[in-house]
Structures are given as C-alpha cells and as structure tokens.
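# Output the structure for:
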Amino acid sequence: MHILNRFSLRTPESVELEFTLAGIGNRALALCIDYPLWLLIMTVGIFLWSFVSEQLIRLLVEWSGDADSVDLWLGAIALLIFFSIYVGYFVWFETLWQGQTPGKRIAKIRVIRNDGRPVGLAQSTLRALLRPIDDFPFLGIIGGALIFITAREKRLGDFMAGTLVVVDEQSVKTSAVEVSEQASAVASILSQSADVSRLLPDDFAIVRDYLQRRHGMVADAQRAVCVRLTQEVRERIQMAELPDSISPDVFLEAVYLVYQNQSSF
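So this is what the prediction gives:
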C-alpha cells in the first residue's frame, strides 16, 4: 500500500485531472455491501429457477423419456444462469453507473480507465470475469497482494481491463463552473442551431473539467486548450462556424449549459 496515493492524469486536451487511489479498505467495504446484495439476487434466482426447472423437467421427460439427459442439460443451464448473474451484477452497475456498484457508491469509490475516462462495457465485463481469481478465498490472496504491491493499487482484473479504482470526489470538485450572462443568452440560441446531444458523456466531462480549472492555468496554455477544445466540440455537434461576437470560452460555457439542461429531462 502506498501512502502517497494521489496521482494526476493529463487528457489529450491538456486538461490535468487529479485522483486519489482507492485503498484496499474502501474496496473491501464496497464488496461487503455488494456481495450480500448479489447473494440476495442469486437467492431469488435460485427460487425462480427451482420453480421453472420443475415444470421443464416434467415436460421434457414426457417428451424425451430420458430423465438423466434432461437433468444434465438443466444443470448446465442453471450454472450458466448463475454465472451470468454473478458477472452481470458488476457489469450492469459499473456500466450504467459510470464505474460504480451499490457498494462502490456507498464507499465513495469508482472504476475509471487508465486515461481517466469512464469505464465501458468491455472493461467492466473483463473485470467481472476475472473477479473470482481476485476475490475468492485463497485465490483472493493474489488480488489483495497485487493491490498492496503495485504502484496504482491494481488487482489482476484492473491490469487486464486497463482500469483504476479511485476515490469518488465529485462532491468536493475543485470549483463550481462559472457561467457568464452572455453564455446564458448564447445557450438559448445554441439549443436551436446545433445538436449538442451529439456530445458523449466523456466529451461533456472534459468541457466541465476545463471550465472548472481554467482560472488556475497559465494564460497561454489556457487559450490554447480553449481554442482546441472549442474546435473539437464544434466538429462533434456539427457547427460550422463560431460567430466573431462569441469567444471560445463563452461558447464552451453555453455548451455546458445546453448539455446540462438536456440531460435533466
């Protein structure tokens, strides 16, 4: 375990993001919450499968006359269903909740990619498939040891999926986004003239992080990042030109407002 567990990532847009690695204590707390929930879902699944399989056995035995073969097939299907529940619990929540399960949300940690972006379906699935090696007794020693000795406190699933587990610090973000009055006026025009919904959540996160951190940047670097980010956002929302009366900063503030308003519906 590393005492100095804060680290910074620089995005391709030259926006620097700072994170705190989630230690083994926070991760263990999350699992102590997730596993009982998973067990509850599994228990419900077992009861449902017991009822369904009983009806299937009757029908299939009458149809095939081979009870042993029917039991074998239904046993294989049951294993597949329960394995899907085990993997699906983590994949479902981490994909929909941007790297969080119920346990991670309560423990205030989340999974992100190595470049700081939210995890996707592929990363969450790979982590879940390797979870038995990292978490189960005896085998779980491997996962715990890796978290202790590696620089980024990764288990095997994190190494294979290219992910990190960090402390979720959204509630204490560096600063609020300051929006000018001009940006509010531009936002109403922008919502009619451009398709801001084409922005991905990752794109919006970069715009938000820039707006939060711009006042702490060196002036020349701030202007360069702003111009480049404005160009990329215009291309994404298919806006050909930026009127001379609108500065790149005001444009990004307006995009931020429009995206937030659209996401709230």
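
# contacts, neighbours, all on C-alpha from now
OK.

# Find me the pLDDT at Gln170, would you?
At Gln170, the model reports a pLDDT of 52.

# For the stretch 1-150 of the chain, which segments count as strands?
Under the criterion DSSP state E, counting those that start in this stretch, the stretch 1-150 of the chain contains strands at 6-10, 16-20, 109-113.

# averaging pLDDT over each of these, which comes out lowest?
strand 6-10 (a mean of 67).

# Report the helix or strand with the lowest average pLDDT across this structure.
When the helices and strands of the chain are scored by mean pLDDT, DSSP states H and E, helix 140-149 comes last with a mean of 64.

# Skip ahead from that one and say which helix or strand is next.
helix 156-161 (DSSP states H and E).

# Name the residues that touch that following helix?
122-124, 126-131, 133-134, 142-143, 146, 164 (CA atoms under 8 Å, 6 or more residues apart in numbering).

# Among these, which one has the most neighbours?
The residue in the contacts of helix 156-161 with the most neighbours, by other CA atoms under 10 Å, is Ser124 (26 neighbours).

# which ones are touching that residue?
Neighbouring residues of Ser124 by CA under 8 Å, 6+ apart: Phe90, Val91, Glu94, Thr95, Gly99, Ala161.

# please redo it, this time with the cut-off set to 6 Å
Residues in contact with Ser124 (CA atoms under 6 Å, 6 or more residues apart in numbering) are Val91.

# So it versus Thr43, what's the distance?
For Ser124, the distance to Thr43 (CA to CA, to the nearest Å) stands at 23 Å.

# Please apply the same query to Val177.
Between Val177 and Thr43 the computed distance is 45 Å (CA to CA).

# three-state assignment of Val166?
Three-state assignment for Val166 (DSSP: H, G, I helix; E, B strand; the rest coil): strand.

# Tell me the buried residues in stretch 209-228?
Neighbour-count burial for stretch 209-228, counted by 16 or more other CA atoms under 10 Å, picks out Asp209, Tyr210, Leu211, Gln212, Arg213, Arg214, Gln222, Val225, Cys226.
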